[in-house]
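Undergrad: Turn this into a model:
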Amino acid sequence: MKNVLVVGSGAREVAICRKISISSIKNTLFCVSPTKNPQIENLCSNYLVCSLDEIKKICRYAVNKKIDLVIVGPENPLAGGIVNDLESFGISCLGPKKEVAMIETSKAFARNIIEDCAPEKNPIRQEFSSLLGVKDFINKLGDEYVIKYDGLMGGKGVKISGEHLDSVASGLEYADSIIRNGGSFLIEEKLVGEEFSLMSFVDGKTCCHMPLVQDHKRAFEGDLGPNTGGMGTYSFADHSLPFLKDSDVAEAQRTNELVVKQLFKKTGVPFVGILYGGFMLTKNGVKVIEYNARFGDPEAMNVLSIMTSDFLELCECIVNGELNKNSVEFEKLSTVCKYAVPKGYPNKPLKDFVVDCDAKNVNIYLASVKLVEDKIVACGSRTVAVIGKNKNIFDSESDAENLVSTIKGQLFHRKDIGTEKLILRRVARMKRILK
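TA: Numbers count the residues shown, from 1 in each chain. Below is the predicted model of the structure:
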């Protein structure tokens, strides 16, 4: 019997818990998070409610419950060194130690790792901790630039010229706000192309790659509005994307593999867990946008919903350093994930309203919610995700759209994610860029 602790309570963690619950390995499931997710609670034998910053408390709980394996969902506990502390008690973890989790927690660290192993994947960039030289570097880039806060901001620390920044003055103002708060930042050339995500299971040396996924960060249809944590995602049945060639996919896979090797070379600490590469296909080839050190959300729902391998067996292979290229298999199905989010999200989201949905439906994933008097109540962030799966991507979209439309509450979602119109527009845009 394996005692498994999942850290986190969002839709991503629902997907993880469900995979563990159907494992052929007999297990008892535990969870720790700031609020109880009703779907996770139904799968758990015990649930600790506490802040994920309380790492010592989580460690004591893991020791007391005789936990064999901890799976860390979100990034903040990884940054705080939860894996380091748990492993000091002899508890195995699916998640990297803080020394290599810096691939996500520090944009500058990530760029320097890439520079050492795949420099052609980096954009032109410069690091800053003051305003000295900022205006000159922006002018050098011809106003086509991106400012990235060097730390964790839930996907909202990136500001792009022409989108979030309408002038050099507004760029300088954002940079100054970071400095006044004691931070540092990078300025990078603005890359133009189509983004895609490649997540890989990593045991410290071997990478097993997952199907490619495309995320939709903008809040509103037509890729308009502010950036979010992700409004939805899709993947194709061939595990690639329609604007990519096989050589592009191989480049991204090779880059993840090189980064894993370079992280160990740089730190002496093996990366164990999920490495998430955010890439962009540009006219100058595949470039790295960013790296994350855990499952993406919503991407976890896309890949885990079509994984045919035993997830807990796979976790055992990872933490024991026994991965091989055949350790994981996925169905040849397309997927479309759509998030229902509170009205006003992401800047002024409503909260504390009742959400009406079928929580027993395995294609529905509760996220930022809590249970109040047996009613599901929204907490103010992304609320409920749904998945559609089918051989044909547009049938998957139709399934997801029909399901998300059954969810009632003060919510909205992007109806265009996974539609033929949006996908063909992105393919056509990529063709124009590559001409």
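
Undergrad: wait, isn't Glu257 in contact with Leu198?
TA: No: judged on CB atoms under 8 Å, Glu257 makes no contact with Leu198 at a distance of 10.8 Å. (C-beta placed from N, C-alpha, C; glycine too.)

Undergrad: out of these two, which sits in the more crowded spot?
TA: Comparing Glu257 with Leu198 by neighbour count (other CB atoms under 10 Å), the higher total belongs to Leu198, at 23 against 19.

Undergrad: so after the host helix or strand of that one, what's the next helix or strand?
TA: With elements taken from DSSP states H and E, the one containing Leu198 is strand 194-203. Following strand 194-203 in sequence order, the next helix or strand is strand 207-209 (DSSP H and E).

Undergrad: Run through who's touching that next one.
TA: Strand 207-209 is contacted by residues 198-202, 253, 256-257, 260, 275, 323-325, 327-328 when judged by CB atoms under 8 Å, 6 or more residues apart in numbering.

Undergrad: so what strands line up beside that strand?
TA: Strand pairing for strand 207-209, using DSSP bridges, gives strand 194-203 (antiparallel).

Undergrad: Only alpha carbons, please: show the partner strand as PDB.
TA: The C-alpha coordinates for strand 194-203 follow below in PDB (Å, rounded to 0.1, in the frame of the first residue of the first chain):
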ATOM      1  CA  GLU A 194       2.800  30.800 -32.600                       C
ATOM      2  CA  GLU A 195       3.400  29.500 -29.000                       C
ATOM      3  CA  PHE A 196       3.200  25.900 -28.000                       C
ATOM      4  CA  SER A 197       3.900  23.800 -24.800                       C
ATOM      5  CA  LEU A 198       6.000  20.700 -24.500                       C
ATOM      6  CA  MET A 199       6.000  19.000 -21.100                       C
ATOM      7  CA  SER A 200       8.400  16.100 -20.300                       C
ATOM      8  CA  PHE A 201       8.500  13.600 -17.500                       C
ATOM      9  CA  VAL A 202      12.100  13.600 -16.200                       C
ATOM     10  CA  ASP A 203      13.900  11.200 -13.800                       C
END
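
Undergrad: Could you pull up the mean pLDDT of it?
TA: Mean pLDDT, strand 194-203: 98.

Undergrad: Do you know the pLDDT at the closest residue to Gly409 other than its chain neighbours?
TA: In this structure, Gly409 finds its nearest non-sequential neighbour in Val355, 4.1 Å apart by CB to CB, 6 or more residues apart in numbering. At Val355, the model reports a pLDDT of 98.

Undergrad: Can you report how many residues lie near Val355?
TA: Around Val355 there are 20 residues (other CB under 10 Å).

Undergrad: Looks like it contacts Ile407 (just checking).
TA: Yes: Val355 is within contact range of Ile407, at 6.8 Å (criterion: CB under 8 Å).

Undergrad: which residues are common contacts for the two?
TA: Counting by CB under 8 Å, 6+ apart, the common neighbours of Val355 and Ile407 are Val384.

Undergrad: which residues are in contact with stretch 251-263?
TA: 100, 103, 113-114, 116-118, 121, 196, 198, 200, 202, 204-205, 207, 209, 212, 269-271, 275, 277, 279, 285-286, 288, 291.

Undergrad: Where does Ala252 sit: helix, strand or coil?
TA: helix (DSSP: H, G, I helix; E, B strand; the rest coil).

Undergrad: List the residues that contact the residue nearest to it when sequence neighbours are not counted.
TA: Excluding its sequence neighbours, the residue lying closest to Ala252 (CB to CB, 6+ apart) is Leu198, at 4.7 Å. Shown in contact with Leu198 (CB under 8 Å, 6+ apart): His209, Met210, Leu212, Val249, Ala252, Gln253, Asn256, Tyr276, Gly277, Phe279.

Undergrad: low pLDDT regions in this structure?
TA: 153-156 (pLDDT under 70).

Undergrad: Break it down into its domains, please.
TA: Domain segmentation of the chain under automatic domain parsing yields 2-95, 124-189, 194-434.

Undergrad: For the ones you listed, could you give me TSV that also reports distance to Ala108?
TA: Listed next are the domains of the chain as TSV, based on distance: least, CB to CB, whole Å:
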stretch	distance to Ala108
domain 2-95	15
domain 124-189	5
domain 194-434	12
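
Undergrad: how about these, which one is nearest Lys107?
TA: domain 124-189 (4.8 Å; CB to CB).

Undergrad: Pull up the distance across the closest one, start to finish.
TA: 5 Å (CA to CA, to the nearest Å).

Undergrad: tell me how far that domain is from the chain's mean position?
TA: Domain 124-189 sits 23 Å away from the centroid of its parent chain (CA atoms, centre = their mean, to the nearest Å).

Undergrad: All further residue positions should be reported with the first residue as 570.
TA: From this message on, residue numbering opens at 570, which makes the last subject domain 693-758.

Undergrad: The residue minimising distance to the centre of the chain: what's it in contact with?
TA: Centroid-nearest residue in the chain: Gly865, 2.0 Å away (criterion: CA atoms, centre = their mean). Contact partners of Gly865, counting by CB under 8 Å, 6+ apart, are Arg581, Ser766, Met768, Val782, Asp784, Gly799, Thr802, Tyr845.

Undergrad: contacting residues for the second one?
TA: In this structure, Ser766 makes contact with Leu781, Val782, Gln783, Asp784, Thr802, Tyr845, Gly846, Gly847, Phe848, Gly865, Glu868, judged by CB under 8 Å, 6+ apart.

Undergrad: How about residues contacting stretch 704-717?
TA: 676, 693, 695, 697, 726-731, 734, 737, 740-741, 743-744, 747, 754-760.

Undergrad: Which of these fall in strands?
TA: Counting by DSSP state E, the contacts of stretch 704-717 place Gln695, Phe697, Val727, Lys728, Ile729, Phe754, Leu755, Ile756, Glu757, Glu758 in strands.
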